[in-house]
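**Q** Need a 3D model of the following:
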Amino acid sequence: MKKETFIKSTIILMIGGFLTKILGILIKVIMTRNSSLEVISLYMLVMPTFSLMMAISQLGFSTGISKVVSENKDSSKKILFSILPISIFINIILTIILIFTSHFIAFNLLKNEQAYLPILAISLVLPFDSLSSILRGFFFGKEKMIPHVVSNISEQIVRLLFMFLILPKLITKGIVFTTTSLILINVLSELVASLVLIFFLPKKFKIEKQDLKPNFNSMGSVLEVALPTTLTRIIGTISFFFEPIILTYVLSLNNYSISYITTEYGVINGFVMPILLLPGFFTGAISSALLPVISREYQKKNYNYIRKKLKQALILSLLIGIPATLIISAYPDFFLNMLYKTSHGASYIKKIAFIFILFYIEAPLATFLQATNKAKEVMYDNFIGIILKTVFLFLLSFIKGIGLYSLLIASGINILITTTRHIKHIKILFKTFT
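**A** Okay, the predicted model is just below:
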C-alpha cells in the first residue's frame, strides 16, 4: 500500500507537472512574442526581488505543514489556523517594507527607474501567494495530490488567458505599464489557485471558534522545519537578488553597456534557464511525493524502506535528467526557435547544460534530508554553495571578455558544491541507521 501511494502520488504529480509545464511554455511563448525584449528584460530584472519577497512571505510553511501533517502530530485544522496569523503578520510587514524601499531598489541598486512600479506591485501579490502555499502544504501532508494539480492548472490557465487576450493590448501602454501588469496578474492567478484548494477541503472541515486560537505546539512543530527551509530559500533568492546588481556594477567597469547587461541577463533568465529547467517538473514531482512518505516512515524507523525510496527517486530523476540534458545541449537552436523564435542564448545552453545532470538529483536529495530532520544541513549546504557562487560571480566578472558567462560558471559551481554536500550528509545519516 505504501509503495502504491508513493508511486500513485508521483504519477499524479508528474502528469499534473507535465500539463502545468506545457501551459507554462505556452505562457512564456505568448509573453515573449506579444511583448518586446525590453519588457522581458525589465521583467527578469525585477524577478530576483520578487523571488526574495515570496521566499520570505511563504516562510517555508508548505514544507513544514506537509511534514507535520504527514506525521500526524497534530490535527490538520489546528496546524493551519496556528500558521495563518504568522503569515498575515509577515505579509503586512513585507508590504510596508516594499512601499518604502521600492524606489531605492530600483534607482540605486538596479539602476533602472523603470523597475520602481513593478517592484512596488509585488506587495499586492504576496498575501495570495502565501495563502496558496499554506493550503498546498496541507494537501501534500495528506498525500492528496489532485487538489495541488488542479489548482496549478487553474492558475496557469488564468495566466494564459491574460497573455493571450490582454497582453497584446497592454504593450501599447509602454514598458513599465506592461511589466507591472505581468506582476499583478499573479494576484488573480494565486487567488484562483487558493479558491480551488479551498473547494477540495474535506466536507467535515468546518471552522469553529476554538480553531481560531493559535496552538503554540503546532506553531513550533511547523517552524522547526519551515525556518531552516525558508532560510535555505532566502539564501538562494538573496543571491538571485544581488546577481543583476553585481553584474551591472562589475561589467560596467569593464565597459559593457547597461543595455547589453540587461538584455543578456534577460536572455539567460528568460530563455536559457527555462529551457534547461524543462525536465524539472519531473524531479519536482518526485520530491513532492517523497517528502510525506519519508517523513512518516522515518518516524517509524523503517530505514530500509526510506533507503529504497531515495534510491528509486534518484534513479527516476537521472533517467529523465540525463537524456533531457543531452538532447537540449545538442539542439539548443531548435528549442530556442521553437519556443521563442530566436537563437539568442544557444551558446550559453551548450556550455552549461551538462551541470544540470546534478541539478536534477539535488531536489530529491534535499527533500530526503528535510524529511529526516536534517533541514539545517540543507540550509548550511545551500549557504556555502551560494556564498561561493556569489564570490565567483564577482571575481569572474572582472575577467575581460567573459561577459555573462561569469553567471553560468558561478551557477555551475553552486550546483556542484551543494549536491555533493547533500550526498555527504546522507551517507553520514545512513551510517546511523540500525
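**Q** For the stretch 251-400 of the chain, just list every one of the helices.
**A** For the stretch 251-400 of the chain, the helices identified by DSSP state H, counting those that start in this stretch occupy 258-267, 273-276, 280-299, 303-330, 332-340, 346-352, 356-371, 375-396, in order along the chain.
**Q** Export those helices as CSV, with columns for mean neighbour count.
**A** Every C-beta, even on glycine, is put in place using the N, C-alpha and C of the backbone. CSV is the format used below for the helices of the stretch 251-400 of the chain (neighbours: other C-beta atoms under 10 Å):
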stretch, mean neighbour count
helix 258-267, 19
helix 273-276, 21
helix 280-299, 23
helix 303-330, 17
helix 332-340, 17
helix 346-352, 19
helix 356-371, 24
helix 375-396, 19
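**Q** ok, the residue positioned nearest the centre of the chain - contacts?
**A** Within the chain, the residue whose C-alpha comes closest to the C-alpha centroid is residue 51; the distance, by C-alpha atoms, centre = their mean, is 7.9 Å. For residue 51, the contact set (C-beta atoms under 8 Å, 6 or more residues apart in numbering) comprises 237, 240-241.
**Q** try 7 Å this time
**A** 237, 240 (C-beta atoms under 7 Å, 6 or more residues apart in numbering).
**Q** which SSE is it in?
**A** Residue 51 is part of helix 37-58 when elements are defined by DSSP states H and E.
**Q** List the buried residues in that helix.
**A** Judged by neighbour count using 16 or more other C-beta atoms under 10 Å, the buried positions of helix 37-58 are 38-58.
**Q** Could you figure out how far it is turned away from helix 332-340?
**A** Between helix 37-58 and helix 332-340, the angle formed by their directions is 80 degrees, by axes from the mean of the first three to the mean of the last three C-alpha atoms, to 10 degrees.
**Q** Begin at 41, not 1, for the rest of this chat.
**A** All set: I'll call the first residue 41, so the last point we hit is now helix 77-98.
**Q** looking only at pLDDT, what's the mean for helix 77-98?
**A** In this model, helix 77-98 has an average pLDDT of 83.
**Q** ok, residue 153 to residue 333 distance?
**A** Here residue 153 is placed at a distance of 49 Å from residue 333 (C-beta to C-beta, to the nearest Å).
**Q** One more: residue 148?
**A** Noted for residue 148: a distance of 47 Å to residue 333, by C-beta to C-beta.
**Q** Just give me the neighbour total for residue 144.
**A** Applying other C-beta atoms under 10 Å, we find 12 residues neighbouring residue 144.
**Q** which element is it on?
**A** In this assignment (DSSP H and E), residue 144 forms part of helix 116-144.
**Q** Same check on residue 235?
**A** Here residue 235, judged by DSSP H and E, is contained in helix 215-239.
**Q** For that helix, buried residues please.
**A** Along helix 215-239, these residues count as buried under the neighbour rule (16+ other C-beta under 10 Å): 215-216, 218-234, 236-237.
**Q** Over to stretch 143-157?
**A** The neighbour-count criterion (16+ other C-beta under 10 Å) identifies 145-146, 149-152, 154-157 as the buried residues of stretch 143-157.
**Q** Endpoints of that stretch, how far apart?
**A** Looking at stretch 143-157, the gap from its leading to its trailing residue is 8 Å under the measure C-alpha to C-alpha, to the nearest Å.
**Q** what is the mean pLDDT for stretch 263-275?
**A** Model confidence over stretch 263-275, given as mean pLDDT, is 75.
**Q** repeat for stretch 314-321
**A** 78.
**Q** quick one, phi/psi of the closest residue to residue 189 other than its chain neighbours?
**A** Residue nearest to residue 189 in three dimensions, not counting chain neighbours: residue 56, with 3.0 Å by C-beta to C-beta, 6 or more residues apart in numbering. Main-chain torsions, residue 56, degrees, to the nearest 10: phi -60, psi -40.
**Q** wait, what's in contact with residue 56?
**A** Listed by C-beta under 7 Å, 6+ apart, the contact set of residue 56 reads 189, 192-193.
**Q** Including distance to residue 310 and neighbour count, could these go into CSV?
**A** Listed next are those as CSV, based on distance: C-beta to C-beta, whole Å; neighbours: other C-beta atoms under 10 Å:
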residue, distance to residue 310, neighbour count
189, 26, 20
192, 21, 24
193, 23, 17
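**Q** Restricted to helices, list those.
**A** Among those, the members found in helices (DSSP state H) are 189, 192-193.
**Q** quick one: which of these is nearest to residue 137?
**A** Of all those, the one sitting nearest residue 137 is residue 192; the distance, using C-beta to C-beta, is 28.6 Å.
**Q** Good, we can wrap up now.
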